[in-house]
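Chemist: return a 3D structure for these sequence lines:
(one chain, ligands or ions: 1)
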Amino acid sequence: MRRPILAANWKMYKTTAEAEAFLERFLPQVAGVPDVEVVIAPPYTSLDRVGRRLAGSKVALAAQNVSPQAEGAFTGEVSARMLVDLGCRYAIVGHSERRALFGEKDDVVARKAGALLGAGIRPIVCVGETLEQREAGRTFEVLREQVAGSLAEVAPERGEELVLAYEPVWAIGTGRTATPEIAQEAHAFLRERLVDRFGPSAARIRIQYGGSVKPENVYALMAQPDIDGALVGGASLDPEAFARIVSFLRSGEKR
Ligand code: PGA
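Modeler: Below is the predicted model:
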């Protein structure tokens, strides 16, 4: 009942020409893949160009960030309304790189998620523990706090529009993927928190896994009961690799 959602987070990679070259190769490979939702989050500078190319395709456009403010004197910021204007259906908020490198705390993530929902964009809210927190046995405490804080501005009736992304910081860009069992344990815990917060509709909220997802490991991760998608960084930069990730069901059948 939860439609798998595979999202590419391109981070600060690809010029507009490189983004277009990716789409030329990627889109024909995924045109016939059924029953999954595909999302691409290019840098702001390519949103317009990528959005135009995706119009009429089944692939949705996403931003990697948004301002919590509606408008005003905020040099360098981009508002949710501006993202709507470019055709964004999703936006990532609270990515661990923004938390660690740009000092974003849960309250700011919550305001960003609220601003997106206010504009009609679905937030992909990222949470996840660091290696130090995991080794100190604090994983669930950290996740509990991040979920409570980052979703504080999501109205109870809007929960289903949300996508939650579990991205253990130690697995991002490191080649060290969480095992399907470790990921499932965290996802089940997150699902319980969503039930506390949103009630029965939490069963319809999708929880993505992120952190070194590749064509080789996506099927085993997606086979877990509470893993409903993937947020992919490095492997999403390559059209063949991301197309194989999107077609994960096919790779599973071959096994
Ligand atoms: P990765 O990044 O796939 O390169 O580990 C995931 C992410 O940061 O969303």
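Chemist: what is the neighbour count of Glu20?
Modeler: When counting by other C-beta atoms under 10 Å, one arrives at 15 neighbours for Glu20. Quick note: C-beta positions are derived from backbone N, CA and C, even for glycine.
Chemist: and it, what element?
Modeler: Here Glu20 sits within helix 16-30, counting by DSSP states H and E.
Chemist: next secondary structure after that helix?
Modeler: strand 37-41.
Chemist: helices and strands around the following helix or strand past that next one, which ones?
Modeler: Counting by DSSP H and E, the next helix or strand C-terminal to strand 37-41 is helix 44-54. Contact partners of helix 44-54 among helices and strands, from 3 or more C-beta pairs under 8 Å, 6 or more residues apart in numbering; DSSP states H and E: helix 16-30, strand 59-63.
Chemist: ok, which of these comes nearest Ala203?
Modeler: Ala203 lies closest, by C-beta to C-beta, to one member of these: strand 59-63, at 22.3 Å.
Chemist: could you point out which element follows the closest one?
Modeler: Using DSSP H and E, the helix or strand that follows strand 59-63 in sequence is helix 80-85.
Chemist: any chance of the helices and strands packed on helix 44-54 in CSV, plus mean pLDDT and distance to the ligand?
Modeler: Converted to CSV, the helices and strands packed on helix 44-54 look like this (pLDDT from 0 to 100; distance: least, C-beta to the nearest ligand atom, whole Å):
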stretch, mean pLDDT, distance to the ligand
helix 16-30, 97, 16
strand 59-63, 98, 12
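Chemist: turn the ones you listed into JSON lines, columns for distance to Leu117.
Modeler: As requested, those are exported to JSON lines (distance: least, C-beta to C-beta, whole Å):
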{"stretch": "helix 16-30", "distance to Leu117": "27"}
{"stretch": "strand 59-63", "distance to Leu117": "14"}
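Chemist: most tightly surrounded among those?
Modeler: strand 59-63 (a mean of 24; mean count of other C-beta atoms under 10 Å).
Chemist: got the CA positions of it in CSV?
Modeler: Provided in CSV are the C-alpha atoms of strand 59-63 (Å, rounded to 0.1, in the frame of the first residue of the first chain):
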residue,chain,number,x,y,z
VAL,A,59,9.7,11.5,-12.8
ALA,A,60,9.1,14.2,-10.2
LEU,A,61,11.3,17.2,-9.6
ALA,A,62,12.6,18.0,-6.1
ALA,A,63,14.8,20.7,-4.5
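Chemist: can you pull out the residues in contact with it?
Modeler: With contact meaning C-beta atoms under 8 Å, 6 or more residues apart in numbering, strand 59-63 is reached by 7, 27, 30, 37-41, 44, 47, 50-51, 54, 78, 83, 86-92, 121, 124.
Chemist: do stretch 44-53 as well
Modeler: Under the criterion C-beta under 8 Å, 6+ apart, residues 14-16, 19-20, 23, 27, 40, 42, 61, 63-65, 78, 83, 86-88 lie in contact with stretch 44-53.
Chemist: repeat that with 7 Å
Modeler: 14, 16, 19-20, 23, 40, 42, 61, 63, 78, 86-88 (C-beta atoms under 7 Å, 6 or more residues apart in numbering).
Chemist: show the average pLDDT along it.
Modeler: Across stretch 44-53, pLDDT averages out at 98.
Chemist: can you list the buried residues in it?
Modeler: By 16 or more other C-beta atoms under 10 Å, the buried positions in stretch 44-53 come out as 46-47, 49-51, 53.
Chemist: now that stretch, how far from the centre of its chain.
Modeler: How far stretch 44-53 lies from its chain's middle: 18 Å, per C-alpha atoms, centre = their mean, to the nearest Å.
Chemist: grab the nearest non-local neighbour of the residue in the chain positioned nearest to the ligand.
Modeler: Nearest to the ligand, among the residues of the chain, is Gly233, at 2.3 Å (C-beta to the nearest ligand atom). Leaving aside its sequence neighbours, Gly233 sits nearest to Asn9 (C-beta to C-beta, 6 or more residues apart in numbering; 5.1 Å).
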